[in-house]
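Engineer: All I have is the shape, not the residue letters:
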C-alpha cells in the first residue's frame with residue numbers, strides 16, 4: 001500500500017528555512033494533489049450562495065474571497081481538513097508547533113490556486 005507521501009506530486013522547489021521547507025515539501029504537494037477537490041468545494045460553495053461563476057471576473061473572484069470566503073469558518077475548516085488529512089504523523093507534529101503560520105500559508109496558497117484557476121472556475125457548468 002502506498003504511503004501518504006507516495007501519492008503526492010513531486011515538486012522541485014527551493015527553500016531557505018524550516019517553515020518554507022514544510023511549505024514546499026509538504027503543503028504545496030498536498031494542495032496540488034487536492035486541486036480538483038478545492039475547485040469543487042469552491043463551486044459547491046458558490047452554487048449554495050447563488051454566485052454565477054460563468055459571469056464573474058477575476059476582480060469579482062478576489063472580492064468574493066475577501067468578503068465571503070475568508071470569513072467563512074465552515075469552508076476554511078473543510079479546506080484545512082482536506083490538507084491536514086494528508087499529513088503523516090511527523091508532519092502533523094511539525095504543523096502543530098506553528099499551526100497559525102501554516103494555516104495562513106495554506107489559505108494564501110489556496111487563494112492563489114483559485115486565482116490561477118480562474119478560467120477553469122469560470123467555465124464550470126452550473
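Structural biologist: On my side now, so go ahead. Keep in mind that what you see is a predicted model, and the values were worked out from it rather than measured.
Engineer: give me phi/psi at residue 4?
Structural biologist: phi -60, psi -40 (degrees, to the nearest 10).
Engineer: Now the lengthiest helix in the chain: buried residues?
Structural biologist: Assignment by DSSP state H gives helix 99-116 as the longest helix of the chain. Within helix 99-116, the residues that count as buried by 16 or more other Cβ atoms under 10 Å are 102-103, 105-107, 109-111, 113-114. For the C-beta atoms, the positions are set from N, CA and C on the backbone; glycine is no exception.
Engineer: residue contacts, the residue nearest the centre of the chain?
Structural biologist: By Cα atoms, centre = their mean, the chain has its centre lying nearest to residue 110, at 3.2 Å. By Cβ atoms under 8 Å, 6 or more residues apart in numbering, the contact set of residue 110 is 31, 38, 79.
Engineer: What about those, which one has the most neighbours?
Structural biologist: Most neighbours among these, by other Cβ atoms under 10 Å: residue 31, with 24 neighbours.
Engineer: what's whichever strand or helix holds that one packed up against?
Structural biologist: Following DSSP states H and E, one finds residue 31 within helix 28-33. Packing partners of helix 28-33 (3 or more Cβ pairs under 8 Å, 6 or more residues apart in numbering; DSSP states H and E): helix 99-116.
Engineer: chain center to the helix it packs on: distance?
Structural biologist: Taking Cα atoms, centre = their mean, to the nearest Å, one finds helix 99-116 lying 6 Å from the centre of the chain it belongs to.
Engineer: Tell me the helices and strands packed up against the helix or strand that it is followed by.
Structural biologist: Next helix or strand after helix 99-116 toward the C-terminus (DSSP H and E): helix 118-122. Secondary-structure packing of helix 118-122 (3+ Cβ pairs under 8 Å, 6+ apart): helix 35-48, helix 58-67.
Engineer: same question for the last one, mean pLDDT?
Structural biologist: Looking back up the chat, that one is helix 58-67. Throughout helix 58-67, pLDDT has a mean value of 84.
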